[in-house]
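K.L.:
next come a sequence and a model predicted from it.
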2 protein chains.
Amino acid sequence: MADRGHADAGRLGGPSGVDQTAVRRANLARVLDEVRRGEVVSRAEIAARSGLTKATVSSLAGELIDRGLIRETGLRREGAVGRPGRSLELDGSGITALGLEINSKYLAARGTDLAGRVIVERRLGFDAMHTRPEDTLDRLAGLAREAIAELSDQGSAHSFLAGIAVAVPGLVDADTGRVRYAPNLEWHGVAVTESLRDRLGNDVPIAVDNEANLSALAELHAMEKPAADLVYLTGEVGVGAGLITGGRLLRGSSGFSGEVGHVPVDLDGGLCGCGRRGCLETKIGLPAVLRAAAPDLIAADADPQDQAHALRRRAEDGGPEALAGFDEIGRWLGIGASMLVNLLNPEAVVLGGYLGTVAPYVVPSAMRQLRERAVAGDAATCRITASAFGFSAAVRGAASIVVEEVFTDPLRIPSGDEPSTAD
Amino acid sequence: MADRGHADAGRLGGPSGVDQTAVRRANLARVLDEVRRGEVVSRAEIAARSGLTKATVSSLAGELIDRGLIRETGLRREGAVGRPGRSLELDGSGITALGLEINSKYLAARGTDLAGRVIVERRLGFDAMHTRPEDTLDRLAGLAREAIAELSDQGSAHSFLAGIAVAVPGLVDADTGRVRYAPNLEWHGVAVTESLRDRLGNDVPIAVDNEANLSALAELHAMEKPAADLVYLTGEVGVGAGLITGGRLLRGSSGFSGEVGHVPVDLDGGLCGCGRRGCLETKIGLPAVLRAAAPDLIAADADPQDQAHALRRRAEDGGPEALAGFDEIGRWLGIGASMLVNLLNPEAVVLGGYLGTVAPYVVPSAMRQLRERAVAGDAATCRITASAFGFSAAVRGAASIVVEEVFTDPLRIPSGDEPSTAD
């Protein structure tokens, strides 16, 4: 692992050098994207689709092969015509990505290769809310080291970790990797990137982002036809939203978008953990649904995934208390969703966390509210669906942003003959 | 006027032709943008900044001169070094843009040249709510014809109307130019582009968009340093928002974003015109503020601009009823703004319409709410400011999108030697 150093794309220096690097980066990304989408594709096909000359495509393809991102294959896609050429397909088996997640009740890791093949997946119960940040980061670093070792063992001989991304349930300054405030971790101003880099002692890039943002990206990257406008709604102890608009993550001016959990829906309502009254989180957060539908399942140290499955069994048993509780949760969910729909007009609201698990029991009453409250009527009544990823969406999203970063900037991956800068 | 036909950018045909046209369009736009930003700039400077070769820049500049978009000047900017060359500056005096607005209480027109110089400005009181759509469109077409005649008279000899854009207070399908629903006009399914084209009988492109969207773009285009994340909040009979996120207008999946006026802020509150209860519009729409601060100013047929100025005088007089009323309006404004800030994390919320006029009397209590309710605290407490454009923001925005469209796609403007397709 780390036998090649991280490429410094800016080292050509000077304004004109930077411009040329930008052009080369964009063209490499273009060719790589054609190979990824085409599965198996010839240089001539790429040239035809991209508008680049065949000579340019050949040179760029050589560079991508050299960086271990694509490889040659003798095969052509079925049904293709003409003489068989040396086609290209995605390689990236030696290039890996690591996603990590800090949740108030667990830590998780997911390592994949560039094609998204899962190489390592770990999840351990952990009471982060009652642990000091430095101890939580120690444990996370331990989990990361184990995962990195496994990525290195199971990856190809010359495996290269392209990056690490960490999902956190809070407000994150993505530029510095600093968590400003994470209410359900009781974190204020924790420098995650810096702390983790110190603990891991390597030069792998480490990104940190909000769990709802990363979950939304996980949904987006997994879609056959990505939705340009999508809301991912987390349902755990906290409630937050990852917003995709115009095909991109909506971050806001300082990266603190999507705080739907603390939008007031009932100004005279119950007290929220944030100190305000009637926040949406007090209506549809996991503690609220437990109180409403299954008070006996409330246990401070329980894993939210286990609680969600217990809740779902309760609903399947059809107890009247549970069903009435879910109906009420669905009503508030619909009120929250209608706000998002009236403002953002998304194609879909995707429910994550426990909301995804109990979706069949809350979506009908949510949809009734949405139909009643969407200003544009049917024209903007989007669907409310369950995420297929359950509680793993955030850590999936974390791994996927590392992968996407490589596709956007293939120069992040050093070529085989570049000198290593890592120890 | 219309002595040159509208250029058909797609006419080169075929996939590779389209690709080459796209490249040429992007390069022309790049050069045009450099000239616009530089005020007076040489070909060599453009080449250095854009990374294009000097030969390419010269060829592109020639084409832009031919299309009447830029012109040569002997002057160089003060302080520039080297021998004086033939520099370039924005021309566009012969290229005009027309913005129109349909409001429930007035119609407006604004015609500018490409540099944004105002050539014609009209505004007439008109009770669109109690007029049939076809009669309103007849009157609008009359206004447009007068404005076009004036643009033609006052523009240069070979003036060319690049486009028309119409602002409407409602849900607009921007692709077809059809108004789906405009509650304060009582319009359902009105084909504005088609109707106006029939009435004007020319081939000028006609765009239709929501007034809050266009107002937000007017703010954005007028900023020295455009804010990437901005909310424009209209305050007229209706309340709506134009949302700029990541530097672009947030349209949503079917173009119906920004309907903040009908987000419920008080589920047990008063009945809204839309049939629901406690919508934000019932708290901060112009009728609400008149009831709260100056009930004697309520008059069905009054121009909202006059009402706003009367309201402001009332506040300046400092009557206790008025001040208490404004304070309460400010409180609800702050509750609405905090929702937008928690979701979208904008740099600024810009108040338009009457809210802009009375801003000094509502912003203090709004800011108190915002500080209390912004989850990210100071980090995401954006400023709430008044638009400088009063009730003209929408029609300004309409004219400005036509201008911006030309800067994005200079091929829309035919060259001097292209045959005219207009009659």
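P.N.:
Structure's in. What do you need? On a predicted model such as this, the values are computed, not experimentally measured, just so you know.
K.L.:
what is the neighbour count of A:V57?
P.N.:
24 (other C-beta atoms under 10 Å in any protein chain shown). Heads up, the C-betas are built off the backbone N, CA and C, glycines and all.
K.L.:
and the contacts of the helix or strand harbouring it?
P.N.:
Per DSSP states H and E, A:V57 falls inside helix A:54-66. Residues from elsewhere that reach helix A:54-66 (C-beta atoms under 8 Å, 6 or more residues apart in numbering or on different chains): A:27-28, A:31-32, A:35, A:43-44, A:46-47, A:50, A:52, A:70-72, A:88, A:91, A:410, A:415-417.
K.L.:
let's see 7 Å
P.N.:
Applying C-beta atoms under 7 Å, 6 or more residues apart in numbering or on different chains, the contact partners of helix A:54-66 are A:27-28, A:31-32, A:43-44, A:46-47, A:70-72, A:88, A:410, A:415-416.
K.L.:
ok now stretch A:321-336, how far from the chain's centre?
P.N.:
Here stretch A:321-336 shows a centroid-to-chain-centroid distance of 27 Å under the convention C-alpha atoms, centre = their mean, to the nearest Å.
K.L.:
again, but for stretch A:276-294
P.N.:
For stretch A:276-294, the distance from its own C-alpha centre to the chain's C-alpha centre is 25 Å (C-alpha atoms, centre = their mean).
K.L.:
so for that stretch, mean pLDDT?
P.N.:
Computed over stretch A:276-294, the mean pLDDT rounds to 90.
K.L.:
just the contacts of helix A:54-66: which are in helices?
P.N.:
Residues of those located in helices (DSSP state H): A:N27, A:L28, A:V31, A:L32, A:R43, A:A44, A:I46, A:A47.
K.L.:
out of those, who's nearest chain B?
P.N.:
The shortest gap between chain B and any of the ones in helices among the contacts of helix A:54-66 belongs to A:A47, at 10.5 Å (C-beta to the nearest C-beta).
K.L.:
what's around that closest one, how many residues?
P.N.:
So A:A47, with other C-beta under 10 Å, has 18 neighbours.
K.L.:
isn't it up against A:V31?
P.N.:
No: counting by C-beta atoms under 7 Å, A:A47 does not reach A:V31; the two are 9.3 Å apart.
K.L.:
give me the number of residues near the closest residue in space to A:Q154 that isn't next to it in sequence?
P.N.:
The shortest distance from A:Q154 to any non-neighbouring residue, by C-beta to C-beta, 6 or more residues apart in numbering or on different chains, is to A:I119 (5.0 Å). Summarising burial for A:I119: neighbours were counted as other C-beta under 10 Å, giving 21.
K.L.:
list the contacts for A:I119?
P.N.:
A:T96, A:G111, A:T112, A:D113, A:E150, A:L151, A:Q154, A:G155.
K.L.:
again, only using 10 Å
P.N.:
A:93, A:96-98, A:110-113, A:147, A:150-155, A:159, A:399 (C-beta atoms under 10 Å, 6 or more residues apart in numbering or on different chains).
K.L.:
equivalent analysis for A:A141, please.
P.N.:
A:L100, A:S195, A:L196, A:R197, A:D198, A:R199, A:L200, A:G201 are the contacts of A:A141 under C-beta under 10 Å, 6+ apart.
K.L.:
same thing but 7 Å
P.N.:
A:L196, A:R199, A:L200.
K.L.:
what of A:V406?
P.N.:
A:V406 is in contact with A:I95, A:L114, A:A162, A:R412, A:I413, counting by C-beta under 7 Å, 6+ apart.
K.L.:
run a quick neighbour tally on the residue in the stretch 51-200 of chain A that chain B sits nearest to.
P.N.:
Residue of the stretch 51-200 of chain A nearest chain B, by C-beta to the nearest C-beta: A:G51 (4.1 Å). For A:G51, the neighbour count with other C-beta under 10 Å is 15.
K.L.:
now it: how far from B:R24?
P.N.:
12 Å (C-beta to C-beta, to the nearest Å).
K.L.:
what strand or helix carries A:P287?
P.N.:
Using DSSP H and E, A:P287 falls in helix A:286-293.
K.L.:
next, the buried residues of the helix or strand following that helix.
P.N.:
Tracing the chain C-terminally past helix A:286-293 and defining elements by DSSP H and E, one meets helix A:304-317 next. For helix A:304-317, the neighbour count (16 or more other C-beta atoms under 10 Å in any protein chain shown) marks A:P304, A:Q305, A:Q307, A:A308, A:A310, A:L311, A:R312, A:R314, A:A315 as buried.
K.L.:
what does stretch A:353-369 give?
P.N.:
A:353-359, A:361-363, A:365-367, A:369.
K.L.:
give me the low-pLDDT residue ranges for chain A?
P.N.:
Residue ranges of chain A with pLDDT under 70: A:1-19, A:74-85, A:155-158, A:300, A:379-380, A:417-423.
K.L.:
let's see that with 50 instead.
P.N.:
Scanning chain A for pLDDT under 50 picks out A:1-3, A:7-18, A:77-78, A:83, A:419-423.
K.L.:
near chain B, which residues of it are found?
P.N.:
Neighbours of chain B within chain A, by C-beta under 7 Å from any C-beta of the partner chain: A:16, A:19, A:51, A:171, A:180-181, A:228-229, A:245-246, A:248, A:250, A:252-254, A:256-260, A:262-264, A:266-267, A:274, A:276, A:335, A:339, A:342-347, A:373, A:375-376, A:379-380.
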